[in-house]
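>>> for reference, the sequence and a predicted model appear below.
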Amino acid sequence: MPEKEKILAESVADDILAMITIDKKFKAGDKLPNENDFAAELKISRTTLREAIRILVSYNVLEIKRGKGTFVTDNKELNDNFSLGELSNLNHNVKDLYEMRLIFEPETAYYAAKRGTDKEIERILYYGKLEEERILNNEDRTDVEQSFHNSIAKATHNEFMNRLMPIIYKAIYTGVILSDEHPDMVKDTINDHRMIMDFLAKRDAEGAKTAMRLHIIHAMRGFGLEDDV
């Protein structure tokens, strides 16, 4: 396969992986659409799709069952966190969780702005806008906020950052539940996310990093955790 087509296939494989791990479009055991329909949806050739699937099969993300189709495997490593499972289940207090976010997430925003593909940036913006809609409609936004931050982590192209996300999810979930009781904090979330998205869209890494740091500091101050910030 020519180098250009190989790069495209790898990009498509990454897109399909994002559909599984971020968009939750497919879950373990789900069958992918038939080849013709899926290739048309992704706007690629069937040859490129086959190569992308081959890549994901080699990583035990997909499984081809003859006569039945291509299925998502029950691969625990897709949501693994480098054996940090016990850590992610610990009963951390809110301050510890937000300090972890403050250490970790500004850098994810920085590298996402530098390394994210156009499609990855589009995914971040999509979830950011969707979360704002959920907030304005007084709908649960927990899963969307997780997808927003997860898509930022994925755009760093740093595997360790991605595998730390289960710990961050705990902080995000806790923050959503607590901040819903504080209208000013919810308003800050909307404004902060707009600022983060604006810098990411402009590929301004330092701006995205600063915006993410301010977002987390605003939340910590809202919870009265700002003494050491």
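Right, received. Where do you want to start?

>>> low-confidence ranges, the protein, go.
1-4, 77-93, 167, 169-171, 173-175, 177-178, 180-181, 226-229 (pLDDT under 70).

>>> which stretches in it count as helices?
3-21, 35-42, 46-58, 85-88, 94-115, 118-136, 142-154, 159-163, 165-179, 183-201, 205-222 (DSSP state H).

>>> any idea how far the second one is from the chain center?
Going back to what we said before, that points to helix 35-42. With Cα atoms, centre = their mean, to the nearest Å as the basis, helix 35-42 stands 24 Å off its chain's centre.

>>> helices or strands up against that helix?
helix 46-58 (3 or more Cβ pairs under 8 Å, 6 or more residues apart in numbering; DSSP states H and E). Every residue, glycine included, has its C-beta placed from N, CA and C.

>>> quick one on the thing from earlier: tell me which of the helices of the chain sits most buried.
helix 142-154 (a mean of 23; mean count of other Cβ atoms under 10 Å).

>>> tell me the angle it makes with helix 3-21.
Helix 142-154 and helix 3-21 are oriented at 150 degrees to each other (axes from the mean of the first three to the mean of the last three Cα atoms, to 10 degrees).

>>> contacts for helix 142-154, please.
Here helix 142-154 makes contact (Cβ atoms under 8 Å, 6 or more residues apart in numbering) with 18, 21-24, 105, 108-109, 112, 120, 123-124, 127-128, 130-131, 134, 161-162, 164-165, 168-169, 172-173, 176-177, 193, 200.

>>> any idea how far residue 50 is from residue 120?
From residue 120 across to residue 50, the span is 23 Å (Cβ to Cβ, to the nearest Å).

>>> residue 48 contacts residue 12, doesn't it?
Yes. The criterion here is Cβ atoms under 8 Å, and residue 48 meets it with residue 12 at 5.9 Å.

>>> quick one, phi/psi of the residue located most distally from the centre of the chain?
Within the chain, the residue lying farthest from the chain centre (Cα atoms, centre = their mean) is residue 67, at 33.4 Å. Per-residue torsions, residue 67: phi 80, psi 0 (degrees, to the nearest 10).

>>> residue contacts, it?
Residue 67 touches nothing, counting by Cβ under 8 Å, 6+ apart.

>>> related to what we said a few turns ago, so for residue 28, which of the helices of the chain sits nearest?
Nearest to residue 28 among the helices of the chain is helix 3-21 (8.7 Å), distances taken as Cβ to Cβ.
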